[in-house]
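Novice: here are the coordinates; sequence isn't available:
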Ligand SMILES: Cc1ncc(COP(=O)(O)O)c(C=O)c1O
């Protein structure tokens, strides 16, 4: 397999220049996601206005896949509702873990660039870390950290 | 590749008269291709490959004399017992222990250390007793002592490491107090490759009357080890890192210590007489070997020892030292690469990070080129914290590796630069 199928230009770009890579001082939710296996760590900040995610951002360190995934996620979800975020989580999770064959990568726009990880089982968790963190932040606001293990 | 490079490289394949290619042929797994590229195996610190002789010894046991040891009078059991005990004696000779009574078969270094913690430590440590460890220990030489701390109230004291990945000079001696009860220390560090000056450290501990456990998991496969010359009290190592099977390892311990230690697991083989009111334990080392052991693995490990004796550990050490020097030079020339662990006395471990490329991405990209390295924390999270890196990439050498393997790694790292350009 060509490495460029995994590390597509979108991924390389979002790794080098992650979008929304900052702290939100007055965040409604702050949650740390951790992958103990490889040391990837991210802090997700969410600002909610009613049902709407008015702002979201992240900080942390990780591999290109995990950074690009978080960057793409924040870009996509800013301004969306909590329900829409939940739906997108389900589709991304279904796609990346292959648990839902009905999810067409093309239907996900730029996020489709992450589909390459499906060929690398050891890397799937890198791509899903930020999504799990998001889901926990939305559903369990009392949590402070979430781990992939 | 330039002609000049080739002419520099030619004579080096047989440096010190040691020809890695001669030995490499004995390892069937190294002949395969991975992702269509010849396999370059540089993850020897995680586990080493097995020569044909070891594979044959294991399968020979199952094909010709599989049976339990120390139990039967029948022919097969006698053959199995002879091979199993023969392996123990080979290992004894290999590390120069005085007696097979001092050679306890265990599952590996991890189990050996747990045995010492639970039998030696738990039976005698009091609240406030101190155990000295170092910052570069593998988790298997940290967590068993933390468990013991919970059980006994003992205290852990840690020798810090410097920027080169060496034990901070002078720090060790200062940690001793009247309450020091044990030193537990890596002979060679898994994440950094540092070879610790263990002989002098053992001698120092003994001036305080303190016994020393050495974790030799990364030393035995790469240097000659003589437990009597080191004068260590315990020495732990794993078979699978020294070209033997998984599931077997050794705890060496001085006989006087073992004699006074209580058993840590009960069952068959470790007893002499069992009555409901009282049980008499077996002689050494069987007192510490409850239940049916991994007989095949022990026999395979015996074969690995015979193989290593043929290769010669002095030659292995010298060759790997030279290959490490070559690899260090090559890696330092890679753009953006920084070595983590640059001790003066070092075994064949190259931990590194690369500017702008996460180790995890590196691992995947070089794997695509057929190069197997490890990425992550290498079971030494305190070391990662000390060097303020989330993870490193690690190439670790064995005597069957060549300069060409290092060149393949460097070429694969250049590929990573291309992917992230
Ligand atoms: C220094 C050191 N100690 C202990 C161990 C644990 O060995 P095992 O997992 O075979 O018990 C390792 C393995 O990586 C090691 O490198």
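Specialist: Looks like it came in fine. Keep in mind that what you see is a predicted model, and the values were worked out from it rather than measured. Residues are numbered from 1 along each chain as shown, chains lettered A, B, ... in the order given.
Novice: from here on, just use CA atoms for contacts and neighbour counts.
Specialist: Will do.
Novice: distance from the chain centre to stretch B:289-305, please.
Specialist: In this view, stretch B:289-305 has its centroid 17 Å away from the chain centroid, taken as Cα atoms, centre = their mean, to the nearest Å.
Novice: is it anywhere near the ligand?
Specialist: No. Using Cα under 6 Å from any ligand atom, stretch B:289-305 never reaches the ligand; the gap is at least 13.0 Å.
Novice: and that stretch, what's buried?
Specialist: Using 16 or more other Cα atoms under 10 Å in any protein chain shown as the test for burial, stretch B:289-305 gives B:289-290, B:293-305.
Novice: equivalent analysis for stretch B:67-84, please.
Specialist: If you call a residue buried by 16+ other Cα under 10 Å, then stretch B:67-84 has these buried ones: B:67, B:68, B:69, B:76, B:77, B:78, B:79, B:80, B:81, B:83, B:84.
Novice: write out the residues of chain B neighbouring chain A.
Specialist: Within chain B, the positions adjacent to chain A are B:356-361, B:365, B:368, B:375-377, B:390-391, B:419-420 by Cα under 8 Å from any Cα of the partner chain.
Novice: residue of chain A nearest the ligand, please.
Specialist: Per Cα to the nearest ligand atom, residue A:37 is where chain A lies closest to the ligand, at 14.9 Å.
Novice: and that residue, how far is that from chain B?
Specialist: Counting by Cα to the nearest Cα, to the nearest Å, the gap between residue A:37 and chain B amounts to 7 Å.
Novice: leaving out chain neighbours, which residue sits closest to that residue?
Specialist: residue B:376 (6.9 Å; Cα to Cα, 6 or more residues apart in numbering or on different chains).
Novice: okay, now the residue of chain A closest to the ligand: neighbour count?
Specialist: By other Cα atoms under 10 Å in any protein chain shown, the residues close to residue A:37 number 17.
Novice: quick check on residue B:159: phi, psi?
Specialist: Dihedral pair for residue B:159: phi -80, psi 120, per degrees, to the nearest 10.
Novice: quick one: it and residue B:170 touch, right?
Specialist: No. Under the criterion of Cα atoms under 8 Å, residue B:159 makes no contact with residue B:170, lying 9.5 Å away.
Novice: what residues are up against residue 24?
Specialist: Answering for chain A, as no chain was given. Shown in contact with residue A:24 (Cα atoms under 8 Å, 6 or more residues apart in numbering or on different chains): A:45, A:46, A:47, A:56, A:57.
Novice: ah, no, chain B please
Specialist: B:30, B:400, B:401.
Novice: try residue A:131
Specialist: Shown in contact with residue A:131 (Cα under 8 Å, 6+ apart): A:70, A:73, A:89, A:93.
Novice: parallel or antiparallel, which strands does the least confident helix or strand in chain A by mean pLDDT pair with?
Specialist: When each helix and strand of chain A is scored by mean pLDDT, DSSP states H and E, strand A:145-147 comes last, with a mean of 75. Applying DSSP bridges, strand A:145-147 is found paired with strand A:29-35 (parallel).
Novice: contacting residues around the partner strand?
Specialist: Here strand A:29-35 makes contact (Cα under 8 Å, 6+ apart) with A:40-47, A:125-126, A:129-130, A:132-133, A:137, A:141, A:143-149.
Novice: same question for stretch B:137-156.
Specialist: B:109-110, B:113-114, B:117-118, B:121-122, B:125-133, B:184-186, B:189-191, B:215, B:378-381.
Novice: got the end-to-end distance for that stretch?
Specialist: 13 Å (Cα to Cα, to the nearest Å).
Novice: circling back to that earlier point, kindly give a single PyMOL line that selects the buried subset of the contacts of stretch B:137-156.
Specialist: In PyMOL syntax, the buried subset of the contacts of stretch B:137-156 is picked out as below (16+ other Cα under 10 Å):
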select buried, chain B and resi 109+110+113+114+117+118+121+122+125+126+129+130+131+132+133+184+185+186+189+190+191+215+378+379+380+381
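Novice: restrict the contacts of stretch B:137-156 to those near the ligand?
Specialist: B:109, B:110, B:186, B:189, B:190, B:215.
Novice: am I right that the residue of chain A closest to the ligand is in a strand?
Specialist: No. Per DSSP: H, G, I helix; E, B strand; the rest coil, residue A:37 lies outside any strand segment and is coil.
Novice: these two touch, right, it and residue B:374?
Specialist: No. Under the criterion of Cα under 8 Å, residue A:37 makes no contact with residue B:374, lying 11.9 Å away.
Novice: can you mark which positions in the least confident helix or strand of chain A are buried?
Specialist: Quick answer for strand A:145-147 (16+ other Cα under 10 Å): residue A:146.
Novice: again, but for stretch B:221-232
Specialist: So for stretch B:221-232, counting by 16+ other Cα under 10 Å, buried means B:221, B:222, B:223, B:224, B:225, B:226, B:227, B:230, B:231, B:232.
Novice: what's the closest of those to the ligand?
Specialist: residue B:221 (10.9 Å).
Novice: now for the closest residue to that closest one other than its chain neighbours: which residues touch it?
Specialist: Nearest non-adjacent residue to residue B:221, counting by Cα to Cα, 6+ apart: residue B:242, 4.5 Å away. Contact analysis of residue B:242 by Cα under 8 Å, 6+ apart lists B:47, B:48, B:220, B:221, B:304.
Novice: ok, residue B:356 next?
Specialist: Residues in contact with residue B:356, defined by Cα under 8 Å, 6+ apart, are residue A:16.
Novice: quick one on the thing from earlier: could you dump the contacts of residue B:242 to a markdown table with secondary structure?
Specialist: Listed next are the contacts of residue B:242 as a markdown table, based on three-state DSSP:
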| residue | secondary structure |
| --- | --- |
| B:47 | coil |
| B:48 | coil |
| B:220 | coil |
| B:221 | coil |
| B:304 | helix |
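Novice: chain A: strands as residue ranges?
Specialist: A:29-35, A:40-49, A:52-61, A:145-147 (DSSP state E).
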